[in-house]
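Colleague: Fold the following, please.
(chains A, B and C)
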Amino acid sequence: MFYREAGDFSTTYAQDNQTFPIKFDRYRYYVVLFIAIFVIPFIINDYWANSFLLPFLIYAIAAIGLNILVGYCGQVSLGTGGFMAVGAYACYKFMTGVDIWWGGELLFRLPQFNIFFSVIMGGVMTALVGVLFGLPSLRIKGFYLAVATLAAQFFLVWLFNRVSWFYNYSASGQINAPERDLAGILITGPQTEPWATYLFCLFFTIVCAVIARNMTRGASGRKWMAIRDMDIAAEIIGVNPLRAKLTAFAVSSFFIGISGALFFSVYLGAVEVGEAFGIQKSFLVLFMIIIGGLGSIFGSFAGAAFLVLLPVVLKIVGVDMLGWPTDIVAHFQLVIVGGLIVMFLILEPHGLAQLWRVAKEKLRLWPFPH
Amino acid sequence: MLDQTDSYQTADGRTIGPVVMEMKNITLRFGGVEAIKDISFDIREGEIRAIIGPNGAGKSSMLNVISGFYVPQEGEVWYKGSRRPAMKPFQVARQGIARTFQNIALFEGMTVLDNVMTGRLTHMETGLFAQSLWKGKAEAEEIANREVAEKIIDFLEIQAIRKTPVARLPYGLKKRVELARALAAEPTILLLDEPMAGMNVEEKEDMSRFILDVNDEFGTTIALIEHDMGVVMDLSDRVVVMDYGKKIGDGTPDEVRNNQEVIDAYLGVAHD
Amino acid sequence: MNEQLAFTIEVFLNGLMAGVLYALVALGFVLIYKASGIFNYAQGVMALFAAMTLVGIQNGQVPFAHLINAIFGTDVHKFGWHVHSFAAILLTVIVMIALAWMVQQFVFKHLVGQEPIILFMATIGLAYFLEGVADLMWGSELKALNVCASEGNCLPQGMNVWLEGTTYEALGYGFFIDNLDIVASIVAAVLVAGLVIFAQYTKQGRAMRAVADDHQAALSVGVSLNFIWVLVWSLAGFVALVAGIMWGAKSGVQFSLSLIALKALPVLMLGGFTSIPGAIIGGLIIGVGEKLFEFLIGAPFLGGATENWFAYMLALVFLVFRPQGLFGEKIIERV
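Modeller: So this is what the prediction gives:
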């Protein structure tokens, strides 16, 4: 009744290939976009930007990236935290001007990139590192690979901790995002307006989601899914497994790098690598796509929203309303997140995205049960 | 005796062309086990070539050699008049050799349409960047290939299940989808590994009809492994018989049927 | 004796001792993996949970005290008694068996037949869950753990004076080795031997190996899969308890104890997920390797703390050249 596809026929293959073949979905998508771009910036405040909107947008990018690798290509990675760190540090270096040394002498220094291109460079550098750590995936499979990606996680965090070049020899070992603007509007630094940072992140999120959607609905997506479902058969029908896996690693890492760059430069402003990009971050993003739905772009958003909101809600309920100590609420959060993961894997391995699909099925038939 | 480049007409009026693939003295070992011992045979353009033999005769291994999945220790594979260098399975596929599998190897997480479209991957070459933009080159290529895929889907009468996830299909239909995926590649040679295993009589008849139609309409060369003797004798133009990794017979169904060695292999021979 | 060489040998010996502990944790992984195909990431948290439970019982802590206090506004913390170490260990074993039963009943019974990677992710969820429960139950602060047979007769701490003295007299250089490490090595060796004997010579052990080989076949000859799985999870819980005691006695019981699981992962990649000797030898290689690398290359040239990643890199490089691990058979792919 409310939601239907009757009378909504595709007459060309192009129509059939649309992201939202059903009119109702398409209109809802436009409405969401409209609200996100033209309404939220006017009503946004610091609390909502920092506690929900910014982390949601940024984690959504990381979740889309990881979903391409895990959900579409079937290569489980536990190195997300490390790859986000690459994005963050690359962004920092390009923001402040990359200095190249040789034999103890400063060879030259690149000009400082503006914030937009610094974030992009964060993605590009991470894609390169991702390909490097993706190389073993041709020989190592399943959770051997998952464990192998932990090597990336630990090594990268160690690297950014120990090599002072990455944090421009600062005494604290931290990186701090200097004040940067885009057309006179501050994007990084302590003086930013919430609407500006929000729109900046929103832009990247939308572009990444569209790119991910375009890749996964075409030839690349099918190559990845073929590798995921049965790599040997995929190779015999003509998919080059190394190439398919490496492109998945590259694209995935590119997104994760962008996410890390935004996380550092726009959201946190200052970062200590072990704290911000530790193994907990890898698990967090993995949980997002499990809860949201493996192999679904929408699921990446849903999972990110869910796990960003959960601590906020728990804090409001536990600390503010019930007056419990914060550490107990934090422990509860572990129990709930862990329990949810297990529950989703048992009951709904395709996550929130599948629940959403089922709900839509029901709505289409409403008020009839079948 | 026919020459390599000769063609001839069959009784039912089809034209069988020159040799398109030739296996020369293939030997394949797994550790100490010889799965294939010094086997040679050829496949001609447009023919239906059957490989038969008891279980464990090395038929599937032979198919795996043809599709590049196993690399034989000795022997040469000649394809379209030149020796095929050592290559990976995906490179073999790009040369126009498609196959189905004994234990269905479909991509269970994808729909029927997507599975058939994976068969077109060897014909799609838009780069990552163009794909990320979608509009333009990527979309045009997608639609062009979709048309081919839809033709195959029509041909094999699986339109109704186009958007069904493969995991939900019954066995017989899965076999047909797998055939569709292989056909979508528009292969020069189509390899079928026991296309009728586990089917009942009607399903076998359907499948036989599809195989004949494919050969007839697209002129596809087919090499198949099958256990059902009746089917093999009816379908194929020439038959290779294998036993314990050796070739024990090669010729038309009639020739093979009357070959003493073949009879012994199938019926057993008294050792006294 | 050459001082540098002596140092190196000492580092080597300490690496061996650390390796024994890695092997011990890895053993818990292998047990579960062999019998059920589950790669149990929660093994480390199980060790933490076991150690916290042991300390809690020893000190007579009220379980969930903080939570009860928060909800009911009460102020309970302790029962006010101390439980003898051996009784506490026994109680903890019972808790671990109950945990094994619950894990099987509520989680993995419902995941039978799923892909290994799904099971793996479920154990990551389980790890979070258990960690949260452990913290809620016993509090997350750092606790001291010691196991005492009687007053003043506890697990030995500090370095072994006898060994230092003897080696000093014999070689002119006193080796510095922790008493606790020596005890841990002996306990681990005994435990491994016990497990091997159990697996080889008892009825349950045979059933366990049968399940490991082929679930369906084992089922068809009358082995109860459920029982075997609870059994292996209990065994893994016991191994976790032993590992928890050793690590807890060394550096206290707190969250970081669960990270020993992360140390055991590369051990498994090296030794293979199914091989008990692989776990032991892999553990020793990693233990020695990371200590020597840190001593010879890491600290002097790379700024130190290379132990965090060395094991993983070693396992990664090793696997690229030998994907089946140290003791695995060559994989022949089939279609």
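
Colleague: For the rest of this, base every contact and every neighbour count on C-alpha atoms.
Modeller: OK.

Colleague: Parallel or antiparallel, which strands does the helix or strand where B:Lys37 lies pair with?
Modeller: In this assignment (DSSP states H and E), B:Lys37 forms part of strand B:33-44. Paired with strand B:33-44 in the same sheet, following DSSP bridges, are strand B:19-30 (antiparallel).

Colleague: Show me what counts as buried in the strand holding B:Lys37.
Modeller: When burial is assessed from 16 or more other C-alpha atoms under 10 Å in any protein chain shown, strand B:33-44 yields the following buried residues: B:35-40, B:42-44.

Colleague: What's the local residue count around A:Thr192?
Modeller: A count of neighbours around A:Thr192, defined by other C-alpha atoms under 10 Å in any protein chain shown, yields 17.

Colleague: and what of A:Glu235?
Modeller: 23.

Colleague: wait, doesn't it sit right on B:Phe90?
Modeller: Yes. Distance between A:Glu235 and B:Phe90: 5.1 Å, which falls inside the contact criterion (C-alpha atoms under 8 Å).

Colleague: can you count the residues close to B:Arg257?
Modeller: Burial of B:Arg257 is recorded as 16 neighbouring residues (other C-alpha under 10 Å).

Colleague: And the pLDDT at it?
Modeller: For B:Arg257, the pLDDT comes out at 88.

Colleague: so is the residue nearest to it when sequence neighbours are not counted in a helix, a strand, or just coil?
Modeller: Excluding its sequence neighbours, the residue lying closest to B:Arg257 (C-alpha to C-alpha, 6 or more residues apart in numbering or on different chains) is B:Ile263, at 7.4 Å. Using DSSP: H, G, I helix; E, B strand; the rest coil, the three-state assignment for B:Ile263 comes out as helix.

Colleague: Just the closest residue of the stretch 51-200 of chain A to chain B, please.
Modeller: A:Tyr72 (9.8 Å; C-alpha to the nearest C-alpha).

Colleague: who's in contact with that residue?
Modeller: Remark: with contacts taken as C-alpha atoms under 8 Å, 6 or more residues apart in numbering or on different chains, A:Tyr72 is in contact with A:216, A:221, A:224-225, A:228, A:294-295.

Colleague: mind checking which helix or strand residue 86 is in?
Modeller: In the absence of a named chain, this looks at chain A. Taking DSSP H and E as the definition, one finds A:Val86 inside helix A:80-96.

Colleague: actually it's chain C I care about, not the one you picked
Modeller: Short version, using DSSP H and E: C:Phe86 is in helix C:85-102.

Colleague: right, is that helix up against chain A?
Modeller: No. Legend: contact between helix C:85-102 and chain A by C-alpha under 8 Å from any C-alpha of the partner chain is lacking; minimum distance shown is 13.2 Å.

Colleague: Run the contact check for the helix or strand just after that helix versus chain B.
Modeller: For helix C:85-102, the following helix or strand on the C-terminal side (DSSP H and E) is helix C:116-138. No. With C-alpha under 8 Å from any C-alpha as the measure, helix C:116-138 is seen stopping short of chain B, the closest distance being 14.7 Å.

Colleague: now the angle from helix C:116-138 to helix C:85-102?
Modeller: Comparing the axes of helix C:116-138 and helix C:85-102 via axes from the mean of the first three to the mean of the last three C-alpha atoms, to 10 degrees yields an angle of 140 degrees.

Colleague: Look at residue 157 and tell me its secondary structure.
Modeller: In the absence of a named chain, this looks at chain A. For A:Val157, the secondary-structure state derived from three-state DSSP is helix.

Colleague: let's do chain C instead
Modeller: coil.

Colleague: Surely it touches C:Asp178?
Modeller: Yes. With contact taken as C-alpha under 8 Å, C:Gln157 and C:Asp178 are classed as touching, separated by 7.2 Å.

Colleague: Tell me where chain C has strands.
Modeller: Ranges of strands in chain C, per DSSP state E, are C:148-150, C:153-154.

Colleague: before we move on, the earlier item: could I get the buried residue list for the helix holding C:Phe86?
Modeller: For helix C:85-102, burial by neighbour count (16+ other C-alpha under 10 Å) applies to C:85, C:88-89, C:91-93, C:95-101.

Colleague: Likewise for stretch B:212-231?
Modeller: Of the residues in stretch B:212-231, those scored as buried under the neighbour-count criterion (16+ other C-alpha under 10 Å) are B:212, B:214-215, B:219-227.

Colleague: Least confident of the residues you listed?
Modeller: B:His227 (84).

Colleague: give the contact list for C:Ile89.
Modeller: Going by C-alpha under 8 Å, 6+ apart, C:Ile89 touches C:Leu54.

Colleague: coming back round to it: per-residue confidence at the residue of the stretch 51-200 of chain A closest to chain B?
Modeller: In this prediction A:Tyr72 is given a pLDDT of 95.

Colleague: Against A:Gly218, how distant is it?
Modeller: Distance from A:Tyr72 to A:Gly218, counting by C-alpha to C-alpha, to the nearest Å: 12 Å.

Colleague: can you check C:Ile118 too?
Modeller: C:Ile118 sits 26 Å away from A:Gly218 when distances are taken as C-alpha to C-alpha.

Colleague: again, but for A:Arg109
Modeller: Separation of A:Arg109 from A:Gly218 (C-alpha to C-alpha) stands at 41 Å.

Colleague: ok, the two, which is more surrounded?
Modeller: Neighbour comparison, A:Arg109 and A:Gly218: the larger count goes to A:Gly218, with 25 against 12 (by other C-alpha under 10 Å).

Colleague: shouldn't that one be in contact with B:Glu142?
Modeller: Yes. Applying C-alpha under 8 Å as the test, A:Gly218 and B:Glu142 come out as touching, 6.9 Å apart.

Colleague: Now intersect the contacts of A:Tyr72 with the helices, please.
Modeller: Residues from the contacts of A:Tyr72 lying in helices, with DSSP state H as the criterion: A:216, A:221, A:224-225, A:228.

Colleague: max-length helix in chain C?
Modeller: Looking only at chain C and at elements set by DSSP H, the helix with the highest residue count is helix C:3-36.
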